[in-house]
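Colleague: model the following, please.
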Amino acid sequence: MLEELQERVTELEIRFSHQTQLLDELNEVMTDCNQRIVALTKENQRLRATVNTLSPSLDESPDE
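Modeller: Numbering: from 1, shown residues only. The predicted model follows:
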């Protein structure tokens, strides 16, 4: 009985370790994605400003 309990605890520890590693990896991916979104948003704003500077007489489309 004690041996079975020890095996179960060991299995839980292994699962916990794998889940912790997976969460760390997912967090890293999410952080990278967020940084890319921020950079793309800034680039989009710069491009919009450039377009507006080059052609101020053009109206924005209704969906913008």
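Colleague: contact partners for the residue nearest the centre of the chain?
Modeller: Taking CA atoms, centre = their mean, the centroid of the chain lies closest to residue 30, which sits 2.2 Å from it. By CB atoms under 8 Å, 6 or more residues apart in numbering, no residues touch residue 30. From N, CA and C alone the C-beta is placed, and that goes for glycine too.
Colleague: quick one, phi/psi of residue 33?
Modeller: Torsion angles at residue 33 (phi, psi; degrees, to the nearest 10) stand at phi -60, psi -40.
Colleague: any idea how far residue 3 is from it?
Modeller: 45 Å (CB to CB, to the nearest Å).
Colleague: what about these two, which has more around it?
Modeller: residue 33 (10 against 7; other CB atoms under 10 Å).
Colleague: sketch out the low-pLDDT regions of the protein for me.
Modeller: 56-62, 64 (pLDDT under 70).
Colleague: would you map the helices across it?
Modeller: Using DSSP state H, the helices of the chain run over 2-54.
Colleague: dump stretch 19-30 to CSV, restricted to CA.
Modeller: Provided in CSV are the C-alpha atoms of stretch 19-30 (Å, rounded to 0.1, in the frame of the first residue of the first chain):
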residue,chain,number,x,y,z
GLN,A,19,2.7,21.2,-16.5
THR,A,20,4.9,23.8,-14.9
GLN,A,21,7.3,23.6,-17.8
LEU,A,22,4.5,23.9,-20.3
LEU,A,23,3.1,27.0,-18.5
ASP,A,24,6.5,28.6,-18.6
GLU,A,25,6.8,28.0,-22.3
LEU,A,26,3.2,29.3,-23.0
ASN,A,27,3.9,32.4,-20.9
GLU,A,28,7.1,33.0,-23.0
VAL,A,29,5.1,32.6,-26.3
MET,A,30,2.3,34.9,-25.0
